[in-house]
Structure formats: structure tokens, C-alpha cells
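A.B. asks: Model the structure of this input:
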Amino acid sequence: MGLTETGSLKYGVEVDGVRHKDFEMRVATLEDMEEAIEDAGEGACNARVSRHLWARTLVRLGTLEPKAITAELLATLPANEYGQLAAAEEILRGKLAAANDSSAS
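C.D. replies: Below you'll find the predicted structure:
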């Protein structure tokens, strides 16, 4: 299941004087979701859970090493970037559904 979606954030995140905007996200697994819920903490809002999930599923953010893409780093993004990442996640769901439909034929 190598489905990914690429995109670009409007502002991105600055690390060591370099702004990182372009990203690639992979399809989340059940394990990703379980760990995101655990990491976000009991009673966490959906946005916090999503941030922890995206930290696990973003395979690229600019030139950052994947291990540098953390929920804490994503917390520094401007709030309007949430929509860009949520849209990429939704596109991936559509790609997964389409792949499932075509394999059922």
C-alpha cells in the first residue's frame, strides 16, 4: 500500500533559517491512528490527534529528515495549514477507496 499525496503548505515551518513547505503524506495505518490517539492524550481534541497522526504519516516536509517531523514541530505551523494537511489526508482516503474499487473488479 504505497499510496502517497504531495502538496505544499502556504507558510510552512522554519527550522534553522530554512522554510519547509513541500510535503508528502502516506496513507495512515491502524497502528498510526492508535499511537496518535495515545500520544495526543486522554480527551484530546481531533486537531491534536490529527497533528500526532500527521507527524507519523508525513514522509517528507521540505528537506527535513523524517525523524525531525514531530507533533511538536507541526504544532508551530500557522493554524490555517491544518486545512492543507487535512485535504491531503482526504485525497489519500479517496485514492485508497479507488484502489480498492479497481482491485475488486
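A.B. asks: center of this protein, which residue is that?
C.D. replies: Central residue of the chain (C-alpha atoms, centre = their mean): Trp54, 2.8 Å from the mean position.
A.B. asks: Please verify my assumption that it contacts Ala87.
C.D. replies: No. In this structure Trp54 lies outside contact range of Ala87 using C-beta atoms under 8 Å: 11.9 Å. The way it works is simple: take the backbone N, C-alpha and C, and place the C-beta from them, glycine included.
A.B. asks: Tell me which helix or strand the nearest residue to Pro78 once chain neighbours are set aside sits in.
C.D. replies: Computed as C-beta to C-beta, 6 or more residues apart in numbering, the closest residue to Pro78 that is not its neighbour in sequence is Tyr11, at 5.1 Å. Using DSSP states H and E, Tyr11 maps to strand 4-15.
A.B. asks: on contacts alone, who are the packing partners of that strand?
C.D. replies: strand 18-26, strand 58-61, helix 71-74, helix 81-104 (3 or more C-beta pairs under 8 Å, 6 or more residues apart in numbering; DSSP states H and E).
A.B. asks: Listing partners with orientation, what would you give for the second one?
C.D. replies: For strand 58-61, the paired strands and their directions (DSSP bridges) are strand 18-26 (antiparallel).
A.B. asks: How about Lys21: what's its closest non-neighbour residue?
C.D. replies: Gly12 (3.5 Å).
A.B. asks: Relative to Cys45, how far out is that neighbour?
C.D. replies: 23 Å (C-beta to C-beta, to the nearest Å).
A.B. asks: Show me what stretch 58-74 is in contact with.
C.D. replies: 4, 12-13, 15, 18-26, 39-40, 51-52, 54-55 (C-beta atoms under 8 Å, 6 or more residues apart in numbering).
A.B. asks: Test my guess that Thr56 contacts Ala28.
C.D. replies: For the record, residue 56 is Arg, not Thr. Yes. In this structure, Arg56 is within contact of Ala28 by C-beta under 8 Å, at 7.2 Å.
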